[in-house]
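# I would like the atomic coordinates for the input below:
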Amino acid sequence: MNIVIVDDHPIVIEGLKIMLKNQPLFHISQTFNKGSEVLGFIKSNEVDILLLDITLPDISGIQLCEDIKKISPKTSVIMFSNRSERSIIMQCIQNGASGYLLKNVSMDELMACFKGALSGNIVFCSETKEIISKPSQQELGALPRLTKREKEILRFLAQGKTSSQIADELCLSPLTVDTHRKNLLQKFGAKNSVEIVNIALKHNIISE
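Here you go, the predicted model:
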């Protein structure tokens, strides 16, 4: 079975190569550090399992999962991340993911999840199963907890400022601001900054 790995940390990719080296059923056919690179590959190559990180330098893995499934519905996309928020896990499944694994997953669980996904099942590692068994913040009527910096950036987003403008205001790099913005997108389960601001206004996290 052909496996493709998309992760921006080379050490993670190398670790997976070592783990899968002696597994005769699975072959890592290609690895990518950016989300945009995998889309072209998927169009012209058959991929059985795609192991996908959420936090990538150019696109959210949550959105990329949906894009990949549109191009190759038969590919089993398994999210592979350190993010343990229930809302993120459920959003990935809604976008077509065949499973969600945390990066501390054991080798035995990894193999079992690969086989389960190929059989058409939605798979989770044991820790992910515990997370999704608990009510989400939304179901409890609560909102995601924001750091002080995230609240600052949220207020600037509400003012219509760009990442570069926010970076100048807060003496940060634009890349740092973009990272915080991506975290806000994931915490709110939003598709863009406008949606984040609308949710924040609705729940009085920020005022107009």
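# quick check, central residue of this structure?
The centroid of the chain falls nearest to residue 54 when counting by CA atoms, centre = their mean (2.3 Å).
# so who does that one touch?
Residues near residue 54 by CB atoms under 8 Å, 6 or more residues apart in numbering: 60, 61, 62, 79, 81, 83, 88, 92, 186. For glycine as for every other residue, the C-beta is placed from the backbone atoms N, C-alpha and C.
# any quick PyMOL command for the buried ones out of those?
To isolate the buried members of those in PyMOL, using 16 or more other CB atoms under 10 Å:
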select buried, resi 60+61+62+79+81+83+88+92+186
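# now the contacts of residue 54 in CSV, with pLDDT?
Formatted as CSV, the contacts of residue 54 follow (pLDDT from 0 to 100):
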residue, pLDDT
60, 91
61, 94
62, 93
79, 98
81, 95
83, 91
88, 90
92, 94
186, 84
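# of the contacts of residue 54, just say which sits nearest to residue 192.
Checking the contacts of residue 54 against residue 192 by CB to CB gives residue 60 as the nearest, at 10.7 Å.
# so what's that closest one bridging to?
residue 55 (DSSP bridges).
# report the separation between it and residue 91.
10 Å (CB to CB, to the nearest Å).
# any idea how far the longest helix seen in the chain is from the middle of the chain?
What stands out as the longest helix in the chain, according to DSSP state H, is helix 174-188. On the basis of CA atoms, centre = their mean, to the nearest Å, helix 174-188 sits 12 Å off its chain's mean C-alpha point.
# torsion angles phi and psi at the residue nearest to the centre of the chain?
Phi and psi for residue 54, reported as degrees, to the nearest 10, are phi -90, psi -50.
# just residue 171 next, same as before
Given degrees, to the nearest 10, the pair of backbone angles that residue 171 has is phi 60, psi 50.
# need the pLDDT of it.
pLDDT recorded at residue 171 is 93.
# again with residue 147
As predicted, residue 147 sits at a pLDDT of 89.
# show me the contacts for it.
Contacts of residue 147 (CB under 8 Å, 6+ apart): none.
# now do it against residue 70, distance only.
Residue 147 sits 34 Å away from residue 70, going by CB to CB.
# could you do residue 5 as well?
20 Å.
# also residue 203?
For residue 203, the distance to residue 70 equals 32 Å [CB to CB].
# could you do residue 6 as well?
Computed as CB to CB, the residue 6 to residue 70 distance reads 16 Å.
# contacting residues around the helix or strand harbouring residue 5?
Per DSSP states H and E, residue 5 falls inside strand 2-6. With contact meaning CB under 8 Å, 6+ apart, strand 2-6 is reached by 12-13, 16, 20, 26-35, 37-38, 41-42, 45-53, 56, 61, 64, 80, 114.
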